[in-house]
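Chemist: turn this into a model:
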Amino acid sequence: FDAAINHLTNFIFLAAQEWSVSADTPIIAKINENWEIIEIGKLHEKVGDGGKVKVVAFDFDGRFKEVDGKVWYHGKKKILKIKCAKGHEIKCTPSHSIYVYSNGKVVEKKAGELTIEDWIVIPRVLNLGEEMEKSIRLEEITDCIEASGYVKTKYSMHTLPQLLVFTPTFLSLLGWFTSEGCTCYDAQRGNYIIQFSLGIHEESFAKEIARGLQEVFGLEPFIYKNLEKSVIYVKLNDKAVYNIFSKLCGSTSREKTVPSLLFNSGKELFLYYLRSLFSGDGCIHLEKRGEKLEVRVELKTVSENLAVGVCYLLRKFGIIASIERDEAFKIVISGRENLEAFHNSIGFLQEERNAILRKYLSEKKDEGRKLYKLVENTDLAAVKVLEVKEIGYDDVYDIEAPPFQNFVGGFNPVCFHNSGAMAVSSFDLL
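Modeler: Next up, the predicted model:
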């Protein structure tokens with residue numbers, strides 16, 4: 001690996017230099033032994049100034065590692081917004097150092113000096129270290145009265161498993177709920193309902209969801225069709241299950257989020273979540289460009305948290321997705337490398353969609369990358385800067401993360417330079 005980080009040796013970064021990111025910048029951090037995506041300002045509220053967390057940083061070989069970090073607040077400062085290709089975005093102070101890829105090297109450049117000729121360094125593959133969690137105790141997500149293998153919750157007439165094991169069935173249910181589910185309270189009857197709504201042609205999926213609910217929770221939902229609306233519903237009336245799905249995934253479409261437990265489990269498990277999610281809310285978009293047919297896998301959501309979380313999950317498979325914004329957020333997987341990784345590692349439950357991908361991949365030639373570059377022999381890539389502009393003032397924060405002096409965050413993940421108070425930067429990537 002011949003890319004190098006050109007650092008100033010033994011240089012002391014002081015808080016007065018204002019090298020920080022905006023309060024609403026999402027980062028991936030481990031708090032109380034659990035990974036989650038959280039805005040850096042909210043993280044600071046949780047742990048306090050100088051509070052300890054774990055973050056992800058790339059090492060001297062360009063591979064991601066889990067490292068210890070401390071969160072610092074640096075006051076209210078001027079903010080630049082840096083828009084990059086594929087929906088990557090940075091909001092930071094003008095003097096904050098940014099990693100850019102130039103002439104085969106990873107080097108630093110101040111945000112205020114960036115131009116549309118620069119390429120910002122991002123994670124290509126995101127490794128979150130050891131992934132050990134395989135279950136969650138029910139009392140962590142809903143109140144329990146007793147525990148003895150099975151538990152009785154104060155919300156339910158039924159007993160439920162004490163441990164919710166991360167089985168493919170359970171994670172598939174979370175994916176289906178994120179894409180097609182909601183919770184609703186029937187005040188007249190006092191019912192707490194979890195509901196999945198699918199197209200009338202998706203009866204096989206409705207039956208699969210019903211079987212999954214019975215397998216995981218031991219409760220039997222009911223299925224009914226509304227022919228007038230061409231919809232088939234799967235419903236379950238149980239307050240404990242209602243609370244479980246609401247807390248893990250969010251209740252409404254705007255509140256939907258990737259369950260944080262997925263960042264603490266291996267990708268051999270959470271692929272079932274992504275497969276159900278894309279099978280529900282995703283699609284294959286075909287577009288004719290001259291004589292060429294372009295194929296994209298798309299997922300649309302009105303939830304910013306969900307869009308961000310899905311892009312971070314996909315990065316664990318080496319899939320660099322785009323986020324497009326309109327009245328909603330659209331996650332787009334395009335390009336041969338990304339589509340091939342999606343097809344081979346995740347795919348759809350609808351075989352006809354998988355067949356379209358296979359046909360396209362068998363015929364498409366590798367025409368190179370236009371929107372991003374790979375930093376060879378590392379876990380890093382780079383995306384082109386599209387725009388740099390001032391957007392006002394905001395509270396700014398930073399994470400001190402020695403010895404590698406960087407951490408991962410942003411709307412669609414990027415690699416942030418560590419410029420925390422009194423941190424020392426003194427290494428080269430060889």
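Chemist: show me where the stretch 251-400 of the chain has its helices.
Modeler: 267-281, 304-315, 336-345, 351-363 (DSSP state H, counting those that start in this stretch).
Chemist: contacting residues around the third one?
Modeler: So that's helix 336-345. Here helix 336-345 makes contact (C-beta atoms under 8 Å, 6 or more residues apart in numbering) with 267, 271, 295, 297, 314, 317-321, 333, 354, 357-358, 360-361, 364, 366-367, 369. (Each C-beta comes from the backbone N, C-alpha and C, glycine too.)
Chemist: go with 6 Å
Modeler: With contact meaning C-beta atoms under 6 Å, 6 or more residues apart in numbering, helix 336-345 is reached by Val297, Phe317, Gly318, Ile319, Ile320, Ile333, Leu357, Leu361, Lys364, Asp366.
Chemist: picking up where we left off before, mind checking the helices of the stretch 251-400 of the chain for the one nearest to Val55?
Modeler: If you check each of these against Val55 by C-beta to C-beta, helix 304-315 wins as the nearest, at 13.1 Å.
Chemist: mind checking which of the contacts of helix 336-345 land in strands?
Modeler: Those of the contacts of helix 336-345 mapping onto strands are Val297, Ile333, per DSSP state E.
Chemist: now, of the contacts of helix 336-345, which are buried?
Modeler: Buried positions within these, assessed by neighbour count (16 or more other C-beta atoms under 10 Å), are Val297, Phe317, Gly318, Ile319, Ile320, Ile333, Leu357, Lys364.
Chemist: wouldn't the first one be in contact with Ile333 here?
Modeler: Yes: under the criterion of C-beta atoms under 6 Å, Val297 lies in contact with Ile333, with a separation of 4.1 Å.
Chemist: pull the most distant pair out of the buried ones among the contacts of helix 336-345.
Modeler: Pairwise distances among these were taken by C-beta to C-beta; the largest, 19.3 Å, belongs to Phe317 and Lys364.
Chemist: show me where pLDDT drops low in the stretch 51-200 of the chain?
Modeler: Counting by pLDDT under 70, the stretch 51-200 of the chain shows low-confidence ranges at 129-133, 142-158.
Chemist: ranges for the helices of it?
Modeler: Using DSSP H, counting those that start in this stretch, the helices assigned to the stretch 51-200 of the chain run over residues 168-180.
Chemist: centroid residue for this structure?
Modeler: By C-alpha atoms, centre = their mean, the chain has its centre lying nearest to Gly309, at 2.1 Å.
Chemist: quick check: that one vs Asn237, distance?
Modeler: 29 Å (C-beta to C-beta, to the nearest Å).
Chemist: Val55 now?
Modeler: Using C-beta to C-beta, we find Val55 at a distance of 42 Å from Asn237.
Chemist: those two: which is more packed in?
Modeler: Using other C-beta atoms under 10 Å as the criterion, Val55 and Asn237 rank with Val55 on top: 27 against 18.
Chemist: my guess is that one contacts Gly69, does it?
Modeler: Yes: Val55 lies in contact with Gly69 (C-beta under 6 Å); the separation is 4.5 Å.
Chemist: list residues touching both of these two?
Modeler: Common neighbours of Val55 and Gly69 (C-beta under 6 Å, 6+ apart) are Ile399, Ala401.
Chemist: of all the helices of the stretch 251-400 of the chain, which lies closest to Pro403?
Modeler: Closest of these to Pro403 is helix 304-315, at 23.2 Å (criterion: C-beta to C-beta).
Chemist: if I pick Ile200, what's in contact with it?
Modeler: Shown in contact with Ile200 (C-beta under 6 Å, 6+ apart): Ser230, Ile232.
Chemist: what count of nearby residues applies to Lys52?
Modeler: When neighbours are counted by other C-beta under 10 Å, Lys52 comes out with 11.
Chemist: what bridges to the closest residue to it other than its chain neighbours?
Modeler: Excluding the flanking residues, the one nearest Lys52 by C-beta to C-beta, 6 or more residues apart in numbering is Lys70, at 5.9 Å. Residues in a beta bridge with Lys70, per DSSP bridges, are Lys52, Glu400.
Chemist: can you tell me how far Lys70 is from Gly51?
Modeler: From Lys70 over to Gly51 the distance is 7 Å, taken as C-beta to C-beta.
Chemist: between these two, who's got more neighbours?
Modeler: Remark: of Lys70 and Gly51, Lys70 carries more neighbours, 22 against 15, as counted by other C-beta under 10 Å.
Chemist: the more buried one and Ala401 touch, don't they?
Modeler: No: here Lys70 does not reach Ala401: they are 8.0 Å apart, not a contact under C-beta under 6 Å.
Chemist: separation between Ala341 and Gly309?
Modeler: On the measure of C-beta to C-beta, Ala341 and Gly309 end up 18 Å apart.
Chemist: okay, and Ile244 sits in which element?
Modeler: Taking DSSP states H and E as the definition, one finds Ile244 inside helix 239-249.
Chemist: ok, now which ones touch Ser253?
Modeler: Neighbours of Ser253 in contact, by C-beta under 6 Å, 6+ apart: Val302.
Chemist: show me where the stretch 1-150 of the chain has strands.
Modeler: Remark: strands assigned in the stretch 1-150 of the chain by DSSP state E, counting those that start in this stretch are 11-13, 21-22, 26-31, 34-39, 51-58, 64-84, 89-92, 97-102, 105-110, 119-123, 135-137, 144-148, 150-153.
Chemist: among those, which comes closest to Thr252?
Modeler: Ranking those by proximity to Thr252 (C-beta to C-beta) places strand 34-39 first, at 19.1 Å.
Chemist: ok, the spatially closest residue to Ser230 that is not a sequence neighbour to Asp281 distance?
Modeler: Using C-beta to C-beta, 6+ apart and skipping residues adjacent in sequence, the residue nearest Ser230 is Ile200, 4.3 Å away. Here the criterion is C-beta to C-beta. By it, Ile200 lies 17 Å from Asp281.
Chemist: from Leu43, how far out is Lys52?
Modeler: For Lys52, the distance to Leu43 (C-beta to C-beta) stands at 11 Å.
Chemist: would you agree the residue nearest to the centre of the chain is in contact with Val258?
Modeler: Yes: here Gly309 reaches Val258: they are 3.0 Å apart, a contact under C-beta under 6 Å.
Chemist: tell me the bridge partners for Ile232.
Modeler: With DSSP bridges as the criterion, Ile232 is bridged to Leu198, Lys225.
Chemist: residues near Lys300, how many?
Modeler: Lys300: 16 neighbours (other C-beta under 10 Å).
Chemist: which residues touch it?
Modeler: Applying C-beta under 6 Å, 6+ apart, the residues contacting Lys300 are Ala328, Lys330.
Chemist: many thanks, I have nothing further to ask.
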